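Peer 1: Requesting a structural model of the entry that follows:
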Amino acid sequence: MNSTSSGQNGSTPVRIYEKFGTIVGKNVTVVFLGITINYLNGMLVHTFRKHQVFYHNPRYILFIHLVVNDMIQLTVAITLFVCTYVFFTISTPLCCILLAFAIFTTLNTPLNLAVMAVECYIAVCFPLRHPQLHPISTEAE
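Peer 2: So this is what the prediction gives:
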């Protein structure tokens with residue numbers, strides 16, 4: 001049985017309509033939480049940039065890299081969420097750029113966590129050779 005016998009050669013997108021109050025509530029909640037989380041992460045970045053002692057420890061450098069990566073990922077995800085409600089269609093280059101940022105930041109997070117784990121492993125298992133393996137640490141001493 002062929003259910004597309006009415007002459008249509010493809011599928012048409014089905015748009016589910018929600019009430020205006022629901023849409024506004026979702027978007028305000030998501031944007032508010034995103035701004036709050038990005039503000040807290042921004043305070044962490046500000047503290048890192050304010051104190052020079054953090055510049056010499058690889059743990060803090062990797063942590064702040066993870067924080068900045070998460071800020072970018074959260075901003076792009078919120079932008080894509082709001083765009084789905086605001087625009088019916090979006091230009092392809094803009095969509096590709098936003099998706100590229102979302103994909104790269106998503107793939108970058110586990111890599112950063114793995115490097116942090118390796119750095120901690122080196123610090124615990126080779127405590128006497130740690131300054132030799134991390135030349136940044138020797139400059140602080």
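
Peer 1: CA only for contacts and neighbour counts going forward, please
Peer 2: Fine.

Peer 1: where in the chain is pLDDT low?
Peer 2: 1-16, 128-141 (pLDDT under 70).

Peer 1: who touches the residue nearest the centre of the chain in this structure?
Peer 2: Centroid-nearest residue in the chain, with C-alpha atoms, centre = their mean: Gln73, separated by 2.0 Å. Applying C-alpha atoms under 8 Å, 6 or more residues apart in numbering, we find Gln73 in contact with 101-102, 105-106.

Peer 1: mind redoing it with 6 Å?
Peer 2: 102, 105 (C-alpha atoms under 6 Å, 6 or more residues apart in numbering).

Peer 1: Check Met71 too.
Peer 2: Asn38.

Peer 1: Go ahead and list the helix or strand containing the residue nearest to the centre of the chain.
Peer 2: helix 58-86 (DSSP states H and E).

Peer 1: Identify the nearest residue to Asn27 in space, disregarding sequence-adjacent positions?
Peer 2: Val82 (6.4 Å; C-alpha to C-alpha, 6 or more residues apart in numbering).

Peer 1: What is the neighbour count of that neighbour?
Peer 2: Around Val82 sit 17 other residues, with neighbours defined as other C-alpha atoms under 10 Å.

Peer 1: All good on my end, thank you.
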